[in-house]
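Participant: here's my sequence, what's the structure:
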Amino acid sequence: MRDAYLAIVNPAAGGGRTRKLLVPTLDRLREAGLRVEIRETLALGHATEIARQAWADGYRKFISVGGDGTSYEIVNGLFPQADGADIPTLAFLPLGTGNSFLRDFSDQGVEYAMESLVSQKSRKCDVLRLRHQDGVLHYINILSIGFSADVATLRARRFSAWGELGYQTSIFICLARFRRRPFPLIADGWKGVDRRPCLFLTFSNSKYTGGTMMVAPGAETDDGLIEYVRWGPIGRIGLIHNLPRLYDGTHTQHPLAEVRKVRHVDFHLDSPVDVMIDGEVLTLHCQSLDILPGVLNVVV
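Facilitator: Numbers count the residues shown, from 1 in each chain. Prediction:
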């Protein structure tokens, strides 16, 4: 097995700021005695290929240099082949961009991540496994379906170059469309399928998404449980009034909100739906969701 960390770098993250900050950041780590090797991604999905090959080549320690999307790709390169005796280690360097997962442990971003790497602070982390009609995906942050996924999908497909304005524009368009619909599912052996209409569903391993939104305030990354948040058919005015509460977690106190801790979910969808998974938007025919307890070490 190789002792060095493999830093998988998305040079385009943060509008190119990652590449500018990379050399001085890695110099600091090497001065602290860490062995770090580098691979840069060349296209969407390349981090998954790099991580998969690196695991086969004997690497067991990885650094995600980028945002949520980079770490998501790395996790999907490590699993399912890492689901065994060897436990991979994943650290984070969010240079020039955000990392929602890291926010659970500190709001200091890259400085906290650097300190954790130098001091080798790590802890066990669960990984969530989503089976869909065309395969299997793994994630460590959040799966979202409904309004929140609609906003993320619209922004990614039409307004990705607009920055924060693109996000706000997508919210207003989705408010105008405002679809409240059922996403039938059964969790942990419920007696019947839940077909009630809702605004959104989230299935979280960590508290934050979008950098600062505390969508799952009770989530813990190592409790072996999925925090399932359901927001019922709230109206437009109610949603607008309650949007700020997504940032401090008090949206879960709304009368139409439900929070459950579950281990397994079976979806009963009639067709594929847009989902947001660790910052990435996909259209999937979801089948089931479960949790792999403690199969990843995270440096935090």
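Participant: roughly how far out does the host helix or strand of T70 sit from the chain middle?
Facilitator: Using DSSP states H and E, T70 falls within helix 68-78. Averaging C-alpha coordinates over helix 68-78 and over its chain gives two centres that are 9 Å apart (C-alpha atoms, centre = their mean, to the nearest Å).
Participant: which stretches of the stretch 151-300 of the chain form strands?
Facilitator: Here the stretch 151-300 of the chain has its strands, by DSSP state E, counting those that start in this stretch, at 181-182, 185-187, 197-198, 200-204, 208-209, 213-214, 226-231, 257-262, 264-267, 273-277, 280-284, 286-299.
Participant: which one of those strands is the most hemmed in?
Facilitator: Neighbour counts averaged per stretch over the strands of the stretch 151-300 of the chain are highest for strand 208-209, at a mean of 26; criterion: mean count of other C-beta atoms under 10 Å. For glycine as for every other residue, the C-beta is placed from the backbone atoms N, C-alpha and C.
Participant: who does it touch, helix- and strand-wise?
Facilitator: When contacts are defined as 3 or more C-beta pairs under 8 Å, 6 or more residues apart in numbering; DSSP states H and E, strand 208-209 packs onto helix 100-103.
Participant: once you drop chain neighbours, what's closest to L201?
Facilitator: Counting by C-beta to C-beta, 6 or more residues apart in numbering, I145 is the residue found nearest to L201 once chain neighbours are left out, at 4.8 Å.
Participant: one step back: send me the helix holding T70 as CSV with only the CA atoms.
Facilitator: What follows is the C-alpha trace of helix 68-78 in CSV, where atoms were taken according to Å, rounded to 0.1, in the frame of the first residue of the first chain:
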residue,chain,number,x,y,z
ASP,A,68,-18.7,19.1,-3.2
GLY,A,69,-18.7,17.8,-6.8
THR,A,70,-15.1,16.7,-6.6
SER,A,71,-15.5,14.8,-3.3
TYR,A,72,-18.7,13.2,-4.7
GLU,A,73,-16.8,11.9,-7.7
ILE,A,74,-14.0,10.6,-5.6
VAL,A,75,-16.4,8.7,-3.3
ASN,A,76,-17.9,7.1,-6.3
GLY,A,77,-14.4,6.1,-7.5
LEU,A,78,-13.7,4.4,-4.2
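Participant: list the helices and strands that helix packs on?
Facilitator: Secondary elements touching helix 68-78 (3+ C-beta pairs under 8 Å, 6+ apart): helix 46-56, strand 61-65, strand 89-93, helix 100-103, strand 135-139, strand 280-284.
Participant: list the contacts for S204?
Facilitator: By C-beta atoms under 8 Å, 6 or more residues apart in numbering, the residues touching S204 are N141, I142, L143, V215, A216, A219, I226, E227, Y228, V229.
Participant: if we go to 7 Å?
Facilitator: I142, V215, A216, A219, E227, V229 (C-beta atoms under 7 Å, 6 or more residues apart in numbering).
Participant: can I get these in a markdown table with distance to R39 and pLDDT?
Facilitator: A markdown table is the format used below for the contacts of S204 (distance: C-beta to C-beta, whole Å; pLDDT from 0 to 100):
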| residue | distance to R39 | pLDDT |
| --- | --- | --- |
| I142 | 26 | 97 |
| V215 | 32 | 93 |
| A216 | 32 | 95 |
| A219 | 31 | 96 |
| E227 | 33 | 97 |
| V229 | 36 | 97 |
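Participant: so where's the stretch 201-300 of the chain uncertain?
Facilitator: Scanning the stretch 201-300 of the chain with the threshold set as pLDDT under 70 gives no residue ranges.
Participant: ok so, going back, each with direction, which strands does the helix or strand harbouring the residue nearest to L201 pair with?
Facilitator: Assigned by DSSP H and E, I145 falls within strand 142-146. Under the criterion DSSP bridges, strand 142-146 sits next to strand 200-204 (antiparallel), strand 273-277 (antiparallel) in its sheet.
Participant: could I get those strands as TSV with distance to P244?
Facilitator: Compiled in TSV, the strands paired with strand 142-146 are given as follows (distance: least, C-beta to C-beta, whole Å):
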stretch	distance to P244
strand 200-204	16
strand 273-277	20
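Participant: by mean pLDDT, show me the worst of the helices and strands packed on helix 68-78.
Facilitator: Per-stretch mean pLDDT for the helices and strands packed on helix 68-78 is lowest at helix 100-103 (a mean of 90).
Participant: can I get that one in CSV, CA atoms only?
Facilitator: Backbone C-alpha positions of helix 100-103 (Å, rounded to 0.1, in the frame of the first residue of the first chain) are rendered in CSV as follows:
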residue,chain,number,x,y,z
SER,A,100,-20.9,21.6,2.5
PHE,A,101,-19.8,18.4,4.2
LEU,A,102,-16.8,20.2,5.8
ARG,A,103,-19.2,22.8,7.2
